[in-house]
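*Asks:* Next one to model:
(2 chains)
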Number of protein chains: 2
Amino acid sequence: MKNLRHNPLLMIPGPVNVRDDIMEIVSKSVVPHRSLEFSKTLERTYENLKYVFQTKDDVYILTSSGTGAMCAAIDNIINSGDKVLCLVNGIFSMRWADIARAKGAQVFLIEVPYGCAVEPKVLREFLSNNSDIKIVTMAHSETSTGVVNNIKALCKIVKEYGAISVVDGISSVGVMECKKDEWDIDILISASQKGFMLPPGLSFLSVSMRAWDLYNKCVYHNEYFDWKRYDYAMEYNTVPYTPAVNLICALNVLLAEYKNEGLENIISKRAKYAEILRAGLRNMGLELLANNDEISSSAVAAVYSPKGIISNEIIEIMKNEHNIIIANGQGNLKDKIFRIGTIGDIGEYEINYTLNALSETLKKIC
Amino acid sequence: MKNLRHNPLLMIPGPVNVRDDIMEIVSKSVVPHRSLEFSKTLERTYENLKYVFQTKDDVYILTSSGTGAMCAAIDNIINSGDKVLCLVNGIFSMRWADIARAKGAQVFLIEVPYGCAVEPKVLREFLSNNSDIKIVTMAHSETSTGVVNNIKALCKIVKEYGAISVVDGISSVGVMECKKDEWDIDILISASQKGFMLPPGLSFLSVSMRAWDLYNKCVYHNEYFDWKRYDYAMEYNTVPYTPAVNLICALNVLLAEYKNEGLENIISKRAKYAEILRAGLRNMGLELLANNDEISSSAVAAVYSPKGIISNEIIEIMKNEHNIIIANGQGNLKDKIFRIGTIGDIGEYEINYTLNALSETLKKIC
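*Replies:* As a prediction, this is how the structure comes out:
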């Protein structure tokens, strides 16, 4: 273990390993949120968030879990009875349906088996038969299965049919190519504890002008997450409510580095890490839920546990004997799969180290 | 400045100075939120939160600003058209009205001048003439004015008239006597960056069985803040969504200390600090918005700027020449008052240091 920077090593798809110098900023930055200095920090942070979101629209900073940003996204555009289509291929893409129903929407699902992506042609067929769908939700990188949807194609179709596309980019923004404006994503959200390599506590939301049209027709907004409050505050480089100031100060530093390094370089690096991991897993004879590279996330790989083995056994040995934390499956996939993240402050060394530990673990119990 | 532990010294009513050893925990505790270890931390934290809230009801931990907890409190009990009475004596108690209106409530206000508390007899008179009020909101310690409402008397009246009392304890819980169960407070909220002496990012919510009755009659809940999600997660000593794990680990340590020290002792200490501050301010000939000790908060003192002086001038000198941050007024009170907090990691030394610096500042500009 002595060569590892993190102890234990977090190889879960969030929370991720955070760099020591970034945690140093987190611990030194309990600053007054109404000060001029903090406004300057916010101004730079807001600007660089646009770069990472690949958008000219504003990106709002929310103090919440990622699910808070999901509510912020659709609670402000749904009226009771509105028809919402949810593209579901895992636990997190199903969450959009719960949130939409809680706001009184009529929810339709296109649900595909876990491990699959949603085919654009299936969406096209559905929308051509259901012209009154107002909103279509989806996950970019579905963290529960490691599957990536082709949101570029999906959002294009959504736009064609006059609906609003809502994309969960929680484990994709800052990790994989995700071009909000170029791909016509109307609403894109993310969170601090994945591609942004920070502790959990912040989430992000960016909305298009077309989405604002729906906002303006919405009767009841979610006050804590009301876009107008954030929009108004941004004009003054501030935030509506006392935010997680120290995370924002750390985010500011990280985003400046992202801009220097270049988003394409970060994305290539993460793709390479994920490829090394997948190749290593397949070399051990393991089967992944995402069965081809085209639909594989750069944030997380979901792996079937070998026959007869409950995945928790693997997870426990990895933790107790190797000090590496990997994740179990969720919902129906619990104890059937395990998941290994490739986000946060890790590199090839940590991935190979994890693969070696996994190989030893499997030899021990198979 | 060399004798001060904090640089700059935050004498605002939140965010507050956080102890170095607590920030050390914050910076070392990015832990997996679904681990057994974290569940154990949560179990202890949940238990000790009940002690600080003085309640047998559960206390939910939300990842949000304090305003998020305000939404969590009333978004889950209001149906469109419900009558809500808001007792308003400052910016923050007015926020309840905004949130209630956003959910479609018919909002009634009892508004008293800033610097005053709401008289219980005025509430009684209103309720005796308006029997269909379902919910009554109020602030315990109104952070914008330093005024404390007699919520013990107010909540008793609310209960007598069969309504649900909702109390903003953001700057009072852990600072002043606030007995949820004994005082019949139905819904009590607070946040991490005041009496809990942590960075901002967490908020807390505790609800009575009577409040659950209203919850069950509510048609649309706020999904991110839905009580049922938190209630269900607590059974398994977990949380519904990825929380600010490192703040919770730090909270766990602080709450254990609170229990050891004894809430009464903490409350006496804070009362003494606030008295020293008020006495010092009055000795300088300054006038406070809260004009008697009975309605004065132990968290913050709001002070009129001397005639002809814009309070921002005082704030700037305090910052630039003394490295002490104090707060401006908000809304209509901006530049007319300044506010000095007595919460967070400070003691008599810091209060006297601040009073001396203020005295020098006033001599310079008056």
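*Asks:* Give the full set of residues in contact with A:Asn252.
*Replies:* A:Thr41, A:Arg44, A:Thr45, A:Asn48 (Cβ atoms under 8 Å, 6 or more residues apart in numbering or on different chains). Just so you know, the C-beta spots here come from the backbone N, C-alpha and C atoms, and that holds for glycine as well.
*Asks:* hmm, try it at 7 Å
*Replies:* A:Asn252 makes contact with A:Thr41, A:Arg44, A:Thr45, according to Cβ atoms under 7 Å, 6 or more residues apart in numbering or on different chains.
*Asks:* Give me the contacts around the longest helix anywhere in chain A.
*Replies:* The longest helix of chain A (DSSP state H) is helix A:263-283. For helix A:263-283, contacts defined as Cβ under 7 Å, 6+ apart pick out A:51-52, A:174-177, A:258, A:288, A:296-298, A:301, A:303, A:340, A:342, A:348, A:351, A:355.
*Asks:* Tell me the gap between it and the middle of its chain.
*Replies:* 17 Å (Cα atoms, centre = their mean, to the nearest Å).
*Asks:* Report the buried residues of that helix.
*Replies:* A:263, A:266-267, A:269-271, A:273-274, A:276-278, A:280-281 (16 or more other Cβ atoms under 10 Å in any protein chain shown).
*Asks:* swap in stretch A:49-57?
*Replies:* In stretch A:49-57, the ones that count as buried by 16+ other Cβ under 10 Å are A:Leu49, A:Lys50, A:Val52, A:Phe53, A:Gln54, A:Thr55, A:Asp57.
*Asks:* of all these, which two lie farthest apart?
*Replies:* In those, two members sit farther apart than any others by Cβ to Cβ. They are A:Val52 and A:Asp57, at 12.7 Å.
*Asks:* and the residue of the stretch 251-366 of chain A nearest chain B?
*Replies:* Nearest to chain B in the stretch 251-366 of chain A, going by Cβ to the nearest Cβ, is A:Ile325, at a distance of 5.2 Å.
*Asks:* Pretty sure that residue sits against A:Lys319.
*Replies:* Yes: using Cβ atoms under 7 Å, A:Ile325 is in contact with A:Lys319, at 5.9 Å.
*Asks:* Looking at the two, which one has more neighbours?
*Replies:* Taking other Cβ atoms under 10 Å in any protein chain shown, A:Ile325 and A:Lys319 do not tie; A:Ile325 has more neighbours (23 against 17).
*Asks:* Contacts only, for that one.
*Replies:* A:Pro8, A:Leu9, A:Leu10, A:Met11, A:Ile12, A:Lys319, B:Pro32.
*Asks:* Poorly predicted segments of chain A, please.
*Replies:* For chain A, the stretches with pLDDT under 70 are A:1-3.
*Asks:* what about the residue most central in space within it, which helix or strand?
*Replies:* Residue closest to the average C-alpha location in chain A (Cα atoms, centre = their mean): A:Ile170, at 1.4 Å. Per DSSP states H and E, A:Ile170 falls between elements, in no helix or strand.
*Asks:* A:Leu286 now?
*Replies:* Assigned by DSSP H and E, A:Leu286 belongs to no helix or strand.
*Asks:* Is the nearest residue to it once chain neighbours are set aside bridged to anything, and to what?
*Replies:* Closest residue in space to A:Leu286, ignoring its immediate chain neighbours: A:Val303 at 5.2 Å, by Cβ to Cβ, 6 or more residues apart in numbering or on different chains. Applying DSSP bridges to A:Val303 yields these beta-bridge partners: A:Leu288, A:Phe338.
*Asks:* from what I can see A:Val303 touches A:Asn291, true?
*Replies:* No: checked against Cβ under 7 Å, the pair A:Val303 and A:Asn291 is beyond contact range at 11.5 Å.
*Asks:* So which of these two has more stuff around it?
*Replies:* A:Val303 (26 against 12).
*Asks:* and that one, what does it touch?
*Replies:* A:Leu281, A:Leu286, A:Leu288, A:Ile337, A:Phe338, A:Ile340.
*Asks:* Kindly report the same for A:Ala163.
*Replies:* Applying Cβ under 7 Å, 6+ apart, the residues near A:Ala163 are A:Ile133, A:Lys134, A:Ile135, A:Val136.
*Asks:* Take those and lay them out in JSON lines including neighbour count, distance to chain B and secondary structure.
*Replies:* Below are the contacts of A:Ala163 laid out as JSON lines (neighbours: other Cβ atoms under 10 Å in any protein chain shown; distance: Cβ to the nearest Cβ, whole Å; DSSP: H, G, I helix; E, B strand; the rest coil):
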{"residue": "A:Ile133", "neighbour count": "21", "distance to chain B": "20", "secondary structure": "coil"}
{"residue": "A:Lys134", "neighbour count": "18", "distance to chain B": "17", "secondary structure": "coil"}
{"residue": "A:Ile135", "neighbour count": "26", "distance to chain B": "15", "secondary structure": "strand"}
{"residue": "A:Val136", "neighbour count": "27", "distance to chain B": "18", "secondary structure": "strand"}
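*Asks:* Can you give the domain ranges for chain A?
*Replies:* A:9-18+A:262-365, A:20-259 (automatic domain parsing).
*Asks:* Would you tell me which of these gets closest to B:Thr145?
*Replies:* Across these, closest to B:Thr145 is domain A:20-259 (Cβ to Cβ), at 16.7 Å.
*Asks:* rewinding a little: just the contacts of A:Ile325: which are in strands?
*Replies:* A:Leu9, A:Leu10 (DSSP state E).
*Asks:* returning to that earlier point: among the domains of chain A, which is the most enclosed?
*Replies:* domain A:20-259 (a mean of 22; mean count of other Cβ atoms under 10 Å in any protein chain shown).
*Asks:* roughly how far out does that domain sit from the chain middle?
*Replies:* 9 Å.
*Asks:* Give the helix, strand or coil label for the residue lying closest to A:Val158 once chain neighbours are set aside.
*Replies:* Closest residue in space to A:Val158, ignoring its immediate chain neighbours: A:Ser165 at 4.0 Å, by Cβ to Cβ, 6+ apart. Following DSSP: H, G, I helix; E, B strand; the rest coil, A:Ser165 is assigned to strand.
*Asks:* A:Ser165 reaches A:Trp183, doesn't it?
*Replies:* No: the criterion here is Cβ under 7 Å, and A:Ser165 misses it with A:Trp183 at 8.8 Å.
*Asks:* Residues in contact with both of those two, list them for me.
*Replies:* Joint contacts of A:Ser165 and A:Trp183 (Cβ under 7 Å, 6+ apart) are A:Cys155.
*Asks:* For chain B, see how far away A:Ala100 is.
*Replies:* Separation of A:Ala100 from chain B (Cβ to the nearest Cβ, to the nearest Å) stands at 9 Å.
*Asks:* Settle this for me: A:Tyr60 is touching A:Leu205, isn't it.
*Replies:* Yes: checked against Cβ under 7 Å, the pair A:Tyr60 and A:Leu205 is within contact range at 4.7 Å.
*Asks:* Now do the contacts for the residue nearest to A:Val158.
*Replies:* For A:Ser165, the contact set (Cβ under 7 Å, 6+ apart) comprises A:Val136, A:Cys155, A:Val158, A:Lys159, A:Asp184, A:Ile185, A:Asp186.
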